[in-house]
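S.K.: One predicted model, sequence on top.
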Amino acid sequence: MYAGLFRILPGPIWLRIILFLGILALAVWALFTFAFPWVDQIVNPIEVTVTE
């Protein structure tokens, strides 16, 4: 999957690396901004109890 994405990116190798890192940073930002808070509401880790 990553090789296919890397192949379709335009430009020389240095530009492909910069674009790939930008896309990766955008994906991480989107996960932390939208996906993880949404999952946190569903999972609700506050109600977890640990017995000794």
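M.R.: Cool, the structure landed. Numbers count the residues shown, from 1 in each chain.

S.K.: So, low pLDDT: which residues of the chain?
M.R.: 45, 47-48 (pLDDT under 70).

S.K.: Any figure for the gap between the residue nearest the centre of it and F6?
M.R.: Geometric centre of the chain, nearest residue: V28, 3.1 Å, by CA atoms, centre = their mean. According to CB to CB, to the nearest Å, V28 and F6 sit 18 Å apart. For the C-beta atoms, the positions are set from N, CA and C on the backbone; glycine is no exception.

S.K.: same deal with V39?
M.R.: To F6, V39 is 29 Å away according to CB to CB.

S.K.: So for these two, which residue has more residues nearby?
M.R.: F6 (13 against 10; other CB atoms under 10 Å).

S.K.: Is that one inside a helix or a strand, and which specific one?
M.R.: helix 2-8 (DSSP states H and E).

S.K.: Contacts for that helix, please.
M.R.: Outside helix 2-8, the residues within contact range by CB atoms under 8 Å, 6 or more residues apart in numbering are R16, F20, I23.

S.K.: separation between the nearest residue to the second one once chain neighbours are set aside and L21?
M.R.: Meaning F20. Of all residues not flanking F20 in the chain, F6 sits nearest, at 6.1 Å (CB to CB, 6 or more residues apart in numbering). Relative to L21, F6 is positioned 11 Å away (CB to CB).

S.K.: How about I42?
M.R.: Taking CB to CB as the measure, I42 falls 31 Å from L21.
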